[in-house]
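Using only what follows, build the 3D model:
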Amino acid sequence: MSDIQDSIAAAPAAQPAGKPPAPKVYPPLEGSKRLLGAIALSAAVFMNVLDSSIANVSIPTISGNLGVSTSQGTWVITSFAVANAITGPLTGWLTQRFGQVRLFVISTLLFVLTSWLCGFSPTFEALVAFRVLQGAVAGPMIPLSQTLMLGSFPREKSGMALAIWAMTTLVAPVAGPLLGGWISDNYTWPWIFYVNIPVGLLAAWISWSIYKDRESVTHKLPIDKIGLALLVVWVGTLQVLLDKGNELGWFQNSTIVIMAVVVAVAFVFFLIWELTDAHPVIDLRLFKVRNFIVGTLSLSLAYGVFFGTNVVLPLWLQSTMGYTATYAGMVSAPVGILAILLTPVIGKMLTHVDPRRIVTVAFLIFATVSWMRAGFNTETDVRTLIIPTFIQGAAMSAFFVPLTMITLSQIEPWRIPAAAGLSNFVRLVAAGFGTSITTTLWDNRATMHHARLTEVATPGQPAFDHAMTLLQHDGLSHTQSLGMLDNLINLQAFTMSATDLFMATAVIFLLLTGTVWLSTYKRAQSSRGGAAEAAAGAH
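Sure, this is the predicted structure:
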């Protein structure tokens, strides 16, 4: 059994302030209870992750119905992301205060309530306010579902537990745009929120029925008010900065400069306070654990790059290649096929294969997929677009679960909720950075390519004169011909920019293959007592 699985059971770590009383010991679930528990937890995670992406393609519809511009409509996404990023890393503290099961069920029920409020919103301002609440209550759901899933399975099947959990987090972002587009086209936009209600209620009911007698030990901790305030300031400001930076022109805009200063100052004070306070709201001492920091950084960097390119690809298809949102989503959908089929296989492999080897293969597949996409052009057909997307599903299944297990290794069982919440927070921040950086680079590189292409598209150049003659011969005026040529140049410029990013992504994934090998790995059998403690700590 790998060190990564055994450490979930009983790996040693430094004893930070605020350790709770000895955890209660619960055996793994058996039979139908384990199956129903896994389904309920997976459904809650699917609903949560789906909601973070389903609204993306519905922004034009929401904006039009509520009488705001599309740029204002993006606050529907930003508001959720800001609140979710703030409460996610608070999972560890909230768990010790209220208990894992109680906190998960309450978060799920509140998510259902806020989903209904979002769909019922009469004004845009009300929708944004309810999205803030929805994002806030959604924060603990993903890390707690991960922890409860681990506690539902025997120690030797922890890889399979994470595999089941990971499938929902991988498939939901793919299903979100497809479902959101279909609902917007065939129903009214509130239904993108109403679909959460039956799923959430069922997931909460089943989860409480199965896990209510398996509550974790709680103890009252003092509220770190200063740390919480600093967290809200720097995370909230950072999310707004990343979401609006490209739109406002980044550091050429005084608002962005002010926000950057606020983020830097608040973040420095936050680090100092949390590392010196006796009862920090976020346990930053987790970063002293080698495998946690290596796993978190590897997962976050890979996810940020992956997420950024997954944003640029549909943007390029829609804005440059003329694809509708639905067809762009269909091109992205095949990524889920291999992800679903291979994730359980990866879970079984983790019982006897070094997870670092699996992650290395995944990064090499990502690099290959990006290299294939770097060969795209304006004549690329749908089949050529789908092939690398289909292959990418194998990489998704082979990097998420092993890196999650590496991240949780060497972590004491009672700290797993805090570790899962913190690593998930870093991953989401990395996704924000990845999206902002790739979309900005895509625009900037397109501008550069446009400038270079126009250097040869001038009167006197044979190709330019020939094109102008043909266009005017077809009945277009001189101005219309120039506009047509400019559109063709834009088409090529944005395509060349996209392929530049894909090639850069391939290089980055090749470099990332070395980072995971900074973690440690060994085969060891933990004691029966350690396994029992792990079962308790995971509940």
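
Can you show me the helices along the stretch 401-539 of the chain?
Secondary structure of the stretch 401-539 of the chain by DSSP state H, counting those that start in this stretch: the helices cover 416-454, 462-473, 478-512, 528-537.

low-scoring pLDDT stretches of the stretch 401-539 of the chain, where are they?
In the predicted model of the stretch 401-539 of the chain, residues 457-468, 471-476, 478, 482-483, 522-539 satisfy pLDDT under 70.

please redo it, this time with the cut-off set to 80
413-417, 421, 432, 435-436, 455-487, 521-539 (pLDDT under 80).

Quick check: closest non-adjacent residue to V345.
Distances taken as C-beta to C-beta, 6 or more residues apart in numbering place S397 nearest to V345, at 7.7 Å, with adjacent residues excluded. From N, CA and C alone the C-beta is placed, and that goes for glycine too.

which residues are contacting stretch 354-364?
For stretch 354-364, contacts defined as C-beta atoms under 8 Å, 6 or more residues apart in numbering pick out 2, 4, 298, 302, 346, 349-350, 394-399, 402-403, 405-406, 509-510, 512-513, 516-517, 519, 521.

on that earlier part again, what's the helix or strand for the residue nearest to V345?
In this assignment (DSSP states H and E), S397 forms part of helix 382-408.

Next: T188.
Using DSSP H and E, no helix or strand contains T188.

sorry, back to before: need the contact list for the residue nearest to V345.
166, 170, 338-343, 345-346, 362.

Taking those residues, please make a ChimeraX selection of just the buried ones.
This is the ChimeraX syntax for the buried subset of the contacts of S397, where burial follows 16 or more other C-beta atoms under 10 Å:
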select :166,170,338,339,340,342,343,346,362
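
Columns distance to G236 and secondary structure on top of the contacts of S397, output as JSON lines?
Listed next are the contacts of S397 as JSON lines, based on distance: C-beta to C-beta, whole Å; DSSP: H, G, I helix; E, B strand; the rest coil:
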{"residue": "A166", "distance to G236": "28", "secondary structure": "helix"}
{"residue": "L170", "distance to G236": "28", "secondary structure": "helix"}
{"residue": "L338", "distance to G236": "37", "secondary structure": "helix"}
{"residue": "A339", "distance to G236": "32", "secondary structure": "helix"}
{"residue": "I340", "distance to G236": "35", "secondary structure": "helix"}
{"residue": "L341", "distance to G236": "39", "secondary structure": "helix"}
{"residue": "L342", "distance to G236": "37", "secondary structure": "helix"}
{"residue": "T343", "distance to G236": "34", "secondary structure": "helix"}
{"residue": "V345", "distance to G236": "40", "secondary structure": "helix"}
{"residue": "I346", "distance to G236": "36", "secondary structure": "helix"}
{"residue": "A362", "distance to G236": "33", "secondary structure": "helix"}
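
that older thread, if you count neighbours, what's buried in the helix holding S397?
By neighbour count on 16+ other C-beta under 10 Å, the buried set for helix 382-408 is 385-386, 388-408.

What of stretch 238-258?
Applying a neighbour-count criterion of 16+ other C-beta under 10 Å, one finds 238-246, 256 buried in stretch 238-258.

ok, residues contacting it?
Contact with stretch 238-258 is made by 71, 74, 77-78, 81-82, 85, 259-260, 263, 267, 429, 432-433, 435-436, 439-440, 443, as judged by C-beta under 8 Å, 6+ apart.

rerun that using 10 Å as the cut-off
Residues from elsewhere that reach stretch 238-258, judged by C-beta atoms under 10 Å, 6 or more residues apart in numbering: 71, 74-75, 77-86, 135, 237, 259-260, 262-264, 266-267, 428-429, 431-444.

for T435, what are its contacts?
242-243, 246, 304, 307-312.

again with W116
Applying C-beta under 10 Å, 6+ apart to W116 gives the contacts 130, 134, 190, 193-194, 196-197, 200.

Check V516 too.
So V516 contacts 294-295, 297-299, 302, 355-360, 362-363, 399, 402-403, 406 (C-beta under 10 Å, 6+ apart).

Which of the contacts of T435 fall in helices?
242-243, 246, 304, 307-312 (DSSP state H).

farthest pair in those?
Using C-beta to C-beta, the two most remote members of these are D243 and T309, lying 18.1 Å apart.

Let me know how buried R445 is, in neighbour terms.
If you count neighbours by other C-beta atoms under 10 Å, R445 ends up with 19.

Hmm, I typed the wrong one, I wanted L148.
Close neighbours of L148, defined as other C-beta under 10 Å, add up to 28.

Assign a three-state SS to the closest residue to it other than its chain neighbours, would you?
Once flanking residues are discounted, L148 sits nearest to L41: 5.7 Å by C-beta to C-beta, 6+ apart. Of the three states, L41 takes helix under DSSP: H, G, I helix; E, B strand; the rest coil.

was I right about L41 contacting I210?
Yes: between L41 and I210 there is a contact under C-beta atoms under 10 Å: 9.4 Å.

neighbour count winner among those two?
L41 (29 against 21).

where's T237 relative to V263, distance?
5 Å (C-beta to C-beta, to the nearest Å).

Could you check how far H279 is from D224?
Distance from H279 to D224, counting by C-beta to C-beta: 6 Å.

Oops, could you answer that again for L271 instead?
L271 is 13 Å from D224, where distance means C-beta to C-beta.

Common neighbours of these two, please.
Counting by C-beta under 10 Å, 6+ apart, the common neighbours of L271 and D224 are L230.

Name the residue in those two with the higher neighbour count.
Remark: of L271 and D224, D224 carries more neighbours, 20 against 13, as counted by other C-beta under 10 Å.
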